[in-house]
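1. Give me a model of this one.
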Amino acid sequence: GIFIFIFAFLVLFTFGMLNIVIAWVIQRSNYHSEVRSMREEDSKRQSAKALMQHISCLVDARLEMEGSTHLSFPDFVTLLMECPQLSELLEASGVSKVRTKRLFNA
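-> I've put the predicted structure just below:
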């Protein structure tokens, strides 16, 4: 009788401990996944901010050069052709020429 009780206790205790260890591993894994995701989003935000600042500087310089306060789509296309660096930045950030045209049509 006592051996059955001890055996049942050991089986249940071992199962309980295994359950706790697995839960802890999953919790730590989820935590690190969230941290990695937040770092990636922060990195994307920083690169988007740098891209927008660079584009703003290029557009402002173009507007000053022309003495204008408005940038039309043809002017923007000309700016892309004259400044391959801007075109490379846009392509690197995943902004296609079709999307830029949509921005001007919006």
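2. Could you count how many residues lie near I4?
-> 8 (other CB atoms under 10 Å). In short, each C-beta sits where N, CA and C put it, glycine included.
3. which other helices and strands contact the strand or helix carrying it?
-> Using DSSP states H and E, I4 maps to helix 2-66. If contacts are counted by 3 or more CB pairs under 8 Å, 6 or more residues apart in numbering; DSSP states H and E, helix 2-66 sits against helix 73-82, helix 84-92.
4. Give me the buried positions along the last one.
-> Think helix 84-92. Going by neighbour count (16 or more other CB atoms under 10 Å), the buried part of helix 84-92 is L86, S87, L89, L90.
5. What is the most widely separated pair among those residues?
-> For the buried residues of helix 84-92, the farthest-apart pair by CB to CB is S87 and L89; their separation is 7.3 Å.
6. Listing request: residues of this structure with sub-threshold pLDDT.
-> Scanning the chain for pLDDT under 70 picks out 97, 104-106.
7. if you set the cut-off to 80 instead, what comes out?
-> Within the chain, the ranges that satisfy pLDDT under 80 run 48, 51-52, 54-55, 58-59, 61-63, 65-73, 75-77, 79-80, 83-106.
8. Please work out which residues outside stretch 49-58 touch it.
-> For stretch 49-58, the surrounding residues in contact (CB atoms under 8 Å, 6 or more residues apart in numbering) are L79, C83, L86, L89, L90, S93.
9. Touching, T100 and L89? I think so.
-> No: under the criterion of CB atoms under 8 Å, T100 lies out of contact with L89, with a separation of 11.8 Å.
10. Number of residues surrounding the nearest residue to K101 once chain neighbours are set aside?
-> Distance criterion CB to CB, 6 or more residues apart in numbering; nearest residue to K101, sequence neighbours excluded, is F73 at 6.5 Å. By other CB under 10 Å, the residues close to F73 number 12.
11. ok, F73 to F5 distance?
-> Using CB to CB, to the nearest Å, F73 is found at 82 Å from F5.
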